[in-house]
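# predicted model follows, preceded by the sequence.
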Amino acid sequence: MCAKVKRLGLNNEPGQHNESAFVDGTVRCPNAKALLKKIDKHRDSLAHAKSEQILKQREADDIVNAATAAQSKFLERHRDDIDAMTKVFRTAYKCTKSHLSYSEHGRMIKLQSLNGINCGSMLYSHHACSNIISHISHEMCTEIINYVVQSGAKFSILVDESTAVSIVQSMIVYMRMQFDGDICTYFLGLFGNK
């Protein structure tokens, strides 16, 4: 360990004695008993403990650096696909915000492609649009709840129940709170009996 670290440098503290013999690998003793005593003394020293701590920190940094490098390489390699996917998600979100049928999603993507915008070649169906909107709504709901928990904002819950013609009861749950100075009402979920 000490040979890998070499010098403690800024990590050197008062009371630490870093033996160069364990750094260079040239430990010499007149007999085996003296050698074992010297090794035991060094193993229990502050310098050896500090070297061990430095190596553990380097390993942790190597893992973090490797994960960061892998993520940046992935983003660089798939940048065009990610950009196309972003456009598809925005289109699905626009369909929902404009109260359009999910079947309009494919037409809007084709129109964008005709206008020269690269939207990839997948996720054009109404099923894909439905899945995208479900994912977006789940993420938005999670963000709203996390905001309330972290900020300690005051909120109220609104519950409404109705029965359909087919005698299926449903309960709609909304959350109402102040956000950026405005009173906002958020749809949290629809729960029904089957």
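Good, I have the coordinates. Numbering: from 1, shown residues only.
# contacts, neighbours, all on C-alpha from now
Will do.
# where does the residue lying farthest from the centre of the chain sit: helix, strand or coil?
The outermost residue of the chain relative to its centre, with distances by Cα atoms, centre = their mean, is Pro30 at 57.4 Å. Following DSSP: H, G, I helix; E, B strand; the rest coil, we place Pro30 in the coil state.
# who touches it in this structure?
Pro30 makes contact with no residue, according to Cα atoms under 8 Å, 6 or more residues apart in numbering.
# okay but Val88 is in contact with Ile109, surely?
Yes. Applying Cα atoms under 8 Å as the test, Val88 and Ile109 come out as touching, 7.1 Å apart.
# per-domain residue ranges of the chain.
As given by automatic domain parsing, the domain ranges for the chain are 2-77, 79-152, 154-194.
# tell me, how many neighbours does Glu139 end up with?
Counted with other Cα atoms under 10 Å, residues neighbouring Glu139 total 11.
# my read is it is in a helix, agree?
Yes. Read with three-state DSSP, Glu139 is one of the residues of a helix.
# what's the spacing between it and Tyr174?
Separation of Glu139 from Tyr174 (Cα to Cα, to the nearest Å): 16 Å.
# before we move on, what about Gly181?
Applying Cα to Cα to Gly181 and Tyr174 gives a distance of 19 Å.
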